[in-house]
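# just coords:
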């Protein structure tokens, strides 16, 4: 790697990503690039019905089709792998739910896997899928929350006794009734976030290779964490952990989707074990869009207690989450939404009621900033309060945002707000966009029949969030190792899938240890050597892994200098490691390559030349909790023009003022922000996971599920605030999710502002042109 | 039922060296053979298993089909001319601004570099741009078959329904002829799609001939609003004899909106499509009228 930065420090510099040359020239290794001798290909026969009893599965003709090696139905798979057991503690009915790796008695959504065909090629496997006949007995589909709460419709899981998965459960913080009693006015709104989803370039993928002679299963996976994948596979396959090795090389995006092991992936492992041959499954786009998982479908009834002056005293919020067919992630999301509801605002009380239902739609999965509804609901609500009170949204934000010097700085739900710069970011965004002149321009254009709008959203993001007092210790482990070639290896469970971890973690370790960037290798994705840790998620990388790498490199450097001092009979203080060499006035020749030093330390240790107590193990393992603060945040601002006749929205400006602490690599940070904003633009203007009233999925191709292209994404102006540094060393914070958290409310607020002269009220997140024309009143809904 | 499979189903593939050989294959295919040109629509339909031909007859090796020529009657665009080649062709640029404008709305350059002008017409997607442009331009298609030789099909007789044309199973369109634009005619193609490059929710091809401030002729075709584009004239809009005014264009827009029964899909309700048809018709006509003016009326020759 060419070091492009002559500076002494890599950290803080936009070092070119070490990944780029390989990935951009097509030399990456994704699961689909790996070919093994004797490898077979999997395709799934899937339910065309959203809700049906499976009466019989006829696989005889498929078994005889050309190239077919095996066909497994749900009952057979149940012998090969354990059903998935799910426990939802807050469920009124005990919440114990279990379901087969392949659907056994029931299909619960369109695309539910009913049988697995393993053949010599994917095309042959698909041809054979067409020959499988499944006798279904159709059941009434449960498509909406209203239907899920209708006792006359069949239960998707009989054991739940209905389709309510959990709740309603109410938690109260502060004196809610008192605040409402004091309020001059109560502003009410029903706010809805629509279903949309993760669409990584590489869908789910697995290559399972069972070796019958050793009993070992080697799995090549596309995953956010090899350890979690191994643990879940071992559970479902009833295999001891040490028989399973999970390896991940390049991962083509995920956004929260690829955690653990999906049912299809378990099925492929079970098939490989049964057949003694490698089995590969590469999810196609239909499967990705239809069954891999969807997110965000949540609705909120909100009441805000406000004063005439625009102070928001308290909120009453009722949230319902549509968890789709197979329960998993949804119950975890509501807890974070509740805790984060106040955000950076000085809310004095909150009553939050949450409940969840199951429906015959794709299962709810984590998607970049899974709890983002709190920002959407709150920031939309702020604008609605302003609209109702007839004061500016900017004014309402400024009156309610916590200031830095306020004490005690704490959300009413508990977490400390130390170090946040949310208010500063709002002021700076207003200054950058020149709000006063912009609003004057807006007034002028309206006289010409042109509709400009400006919207803001201010947020904070736990990245990873403040230390939980009295809570469980939450740390990330990094192992740093100086190898015989004199390279520094940094082992992490943080699995890169687009973020550039191989560059950024190397920057931190190189600076701390005294290496050239090219002498540091970040090692990921192999359960044989990856340290414990569940994987990439929850914005843990920058603060937690970054901090662990910094402290690990520091400790290892101390050890190496100590041992070197012993060998050279010098004091450690007379030595330094710089540019990957041991240097110091007492070092023979002034410098010693680290490879040579490692050999001499090993030799000295073997021959007993090091004094007792000298640590010659050239590794250091460090656990780090992210340090103080742990908040990222900022303000986004968007300026749009809406064509009231066509409903088309043009984004004229998009600004991000943000604080994610010290930047490890500004270009990588900006890339994360831009990617997140792009997904937010998609969410508002284009992307929707749509079902028809019968539960058929309508967005199953990329002509129906519309992703933004580069032509839809505006130039995104980014400014970084100078952070409040609360930790002596580690003030990096995560930045992966914020773009996607703040963009939807920002764009919706801008559109709402643009069409406010028509009396339109925006209560939803998805605003395609047809909907905007409806809101304006030019056509009826 | 939606297919969850995305690999192509089995089919035979032939790439004949001559048109005659291709016509023989089609005739022998008895309706089960399909012609492959750019493959930008057919291949995705195969992948979704929405089309299941037994044989694909790939025309790529047939010589002489990829040319754009001009004769006294207008442009002649060969069956293998890609949309990108047509868009960059100096003759197309000089002679048919409407076609040029319509081409620019098709997909993205990567798609246009494979998709063909004639292929798009033969595919007859109800939301495609070129069928509407062909109608307004009065284009004619030349179809050849093994047994019956050559025949000419005017665009207005060619499009019969969604993905359905007047072409017989054993016929190949060898070229499309686009008459030279009459002087004093202004044209405009406008569309609204969800994203740049997507199929139109509504698209309008318009041509207006003016004499001073008077509209003497007007032709319109909309795409995305029915089973196929239909040609609309002043007469059919009930506006014949009306002198030009702002009122004419908005009235034409309302008339178009009122007569349509557009389809509903994920991207647009019928109501929204009708509303857009009104808006875009008015905008396209006004722009076309303005462009006719710029050309200097009868001075076009």
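Great, that's in hand. Worth saying up front: this structure is predicted, and the values here are computed from it rather than measured. Numbers count the residues shown, from 1 in each chain, chains lettered A, B, ... in the order given.

# Could you report the neighbour count for residue A:521?
As a burial measure, residue A:521 scores 18 neighbours (other Cβ atoms under 10 Å in any protein chain shown). C-betas here are computed from N, CA, C, even on glycine.

# Grab the nearest non-local neighbour of it.
Counting by Cβ to Cβ, 6 or more residues apart in numbering or on different chains, the nearest residue to residue A:521 once its immediate chain neighbours are dropped is residue A:489, at 5.4 Å.

# and the one you found, how far is that from chain B?
Between residue A:489 and chain B the distance is 40 Å, computed by Cβ to the nearest Cβ, to the nearest Å.

# do the same with residue A:180
The spacing between residue A:180 and chain B, counted by Cβ to the nearest Cβ, is 40 Å.

# my guess is that residue meets residue A:186, correct?
Yes. Assessed by Cβ atoms under 8 Å, residue A:180 is found in contact with residue A:186 at 6.7 Å.

# In terms of packing, which of these two has more residues around it?
residue A:180 (18 against 13).

# In contact with that one, which residues?
When contacts are counted by Cβ atoms under 8 Å, 6 or more residues apart in numbering or on different chains, residue A:180 touches A:186, A:303, A:305, A:313-314, A:316.

# Tell me the secondary structure at the residue in the stretch 201-301 of chain B that chain A sits nearest to.
As assessed by Cβ to the nearest Cβ, chain A sits closest to residue B:272 within the stretch 201-301 of chain B, at 3.9 Å. At residue B:272 the chain is in helix, as set by DSSP: H, G, I helix; E, B strand; the rest coil.

# separation between the closest residue to it other than its chain neighbours and residue A:648?
Among residues not flanking residue B:272 along the chain, residue A:770 sits closest, at 3.9 Å (Cβ to Cβ, 6+ apart). Residue A:770 is 11 Å from residue A:648, where distance means Cβ to Cβ, to the nearest Å.

# Just the element for the residue nearest to residue B:272, please.
Element membership for residue A:770 (DSSP states H and E) is helix A:769-776.

# what's that helix in contact with?
Helix A:769-776 has contacts (Cβ under 8 Å, 6+ apart) with A:642, A:644-649, A:751, A:755, A:758, A:760-762, A:764, A:767, A:779-781, B:192, B:194, B:201, B:267-269, B:272, B:275.

# Give me the pLDDT value at residue 8.
Because you didn't say which chain, this covers chain A. Note for residue A:8: predicted pLDDT of 72.

# nope, chain B please
Here, the pLDDT recorded for residue B:8 equals 88.

# what number of residues lie near the residue of the stretch 201-301 of chain B closest to chain A?
26.

# again with residue A:322
Residue A:322 has 22 neighbouring residues, counting by other Cβ under 10 Å.

# before we move on, the earlier item: overlap in contacts of residue A:180 and residue A:186?
With Cβ under 8 Å, 6+ apart, residue A:180 and residue A:186 have common neighbours A:303, A:305.

# Flag the shaky bits of the stretch 1-150 of chain A, pLDDT-wise.
Residues of the stretch 1-150 of chain A that meet the criterion pLDDT under 70 lie in A:1-7, A:89-94.

# Now do the strands in it.
Taking DSSP state E, counting those that start in this stretch as the criterion, the stretch 1-150 of chain A carries its strands at A:40-46, A:52-58, A:68-73, A:84-87, A:96-99, A:106-107, A:113-119, A:133-138.

# isn't residue B:116 right next to residue B:84, touching?
No. The pair residue B:116 / residue B:84 is not scored as a contact, 9.8 Å apart, by Cβ under 8 Å.

# These two: who's more crowded?
Ranked by neighbour count (other Cβ under 10 Å), residue B:116 and residue B:84 place residue B:116 first, with 30 against 20.

# how about the more buried one, phi and psi?
Main-chain torsions, residue B:116, degrees, to the nearest 10: phi -110, psi 150.

# Report the beta-bridge partners for it.
Residue B:116 has these beta-bridge partners by DSSP bridges: residue B:82.

# Give me the pLDDT for it.
At residue B:116, the pLDDT recorded in the model is 97.

# need the contact list for it.
Listed by Cβ under 8 Å, 6+ apart, the contact set of residue B:116 reads B:37-38, B:79-83.

# Swap in 10 Å and give it another go.
B:37-40, B:59, B:65-66, B:77-86, B:122-123, B:130, B:173, B:176 (Cβ atoms under 10 Å, 6 or more residues apart in numbering or on different chains).

# now do residue A:356
A:88, A:90-91, A:95, A:145, A:148, A:163-169, A:298, A:319-323, A:327, A:330-331, A:333-334, A:364.

# With that, I have no additional questions.
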